[in-house]
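Undergrad: would you be able to build a 3D model of this:
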Amino acid sequence: MDTNKFFQSKTFLIALWGMAGLIIVLAVFRAGMIVGFHKAEFSYAWGENYHRNFAGPQSGYSKSLPRDFDNRNFIGSHGVIGQIIKIDASTLVIRGRDNIEKVVLVTNNTSIQRFRDAIKLSDLKIDDYIVVIGSPNSAGQITAKFIRLVPSPSSMRVPLAPFSPHINI
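TA: Residues are numbered from 1 along each chain as shown. From the prediction side, this is the model:
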């Protein structure tokens with residue numbers, strides 16, 4: 001059989017397309033394995049570093065949960081209410097509940113308001129009280145999406161009670 005005829009034959013073209021299809025299927029499968037590995041690695045690292053990132057109990061949550069557990073040990077990771085104790089170019093340090101300090105990252109997308117008025121980061125001052133809503137990052141900081149400047153607790157007529165998600169009747 002002539003070599004040119006073999007490379008131009010229908011059998012050779014079918015085998016060539018079959019091999020190309022198999023290579024594409026294997027490449028897609030490998031890409032799926034890589035994505036799955038990175039998702040699993042992130043999930044594992046997040047769980048292993050939970051205390052470091054979100055300042056939970058030293059022994060982890062599963063070892064310290066009493067039978068009547070009521071979320072007192074959990075620290076909010078999506079926001080903070082408290083007093084500004086440090087201001088940098090795009091970072092705030094807030095002293096929140098139980099004197100726990102949280103680092104808040106302010107981005108160009110962060111909305112900052114005093115009552116209904118939009119203000120800038122430069123309008124905030126040390127000792128101001130703010131409410132921050134955002135997303136936690138792997139360094140234990142909060143990337144702020146919304147910041148509201150609020151009156152200090154001493155200027156309010158009603159004393160602030162600690163937040164509790166449970167209502168006692």
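Undergrad: C-alpha only now, for contacts and for neighbours.
TA: Noted.
Undergrad: so in that sheet, which strands flank the helix or strand that contains V104, and in what orientation?
TA: Taking DSSP states H and E as the definition, V104 sits inside strand 101-105. According to DSSP bridges, strand 101-105 forms sheet pairs with strand 91-95 (antiparallel), strand 142-150 (parallel).
Undergrad: for the helix or strand harbouring A15, buried residues please.
TA: Assigned by DSSP H and E, A15 belongs to helix 10-48. Neighbour counts over helix 10-48 (16 or more other Cα atoms under 10 Å) mark no residue as buried.
Undergrad: same question for stretch 129-138.
TA: Neighbour counts using 16+ other Cα under 10 Å place Y129, I130, V131, V132, I133, G134, S135, P136 of stretch 129-138 among the buried residues.
Undergrad: same check, this time on stretch 136-150
TA: Buried residues in stretch 136-150 (16+ other Cα under 10 Å): P136, G140, Q141, I142, T143, A144, K145, F146, I147, R148, L149, V150.
Undergrad: leaving out chain neighbours, which residue sits closest to A144?
TA: Nearest in space to A144, with sequence neighbours left out and distances taken as Cα to Cα, 6 or more residues apart in numbering, is G134 at 4.2 Å.
Undergrad: please pull out the lowest mean pLDDT helix or strand from the protein.
TA: Lowest on mean pLDDT, DSSP states H and E among the helices and strands of the chain sits helix 61-64, with a mean of 49.
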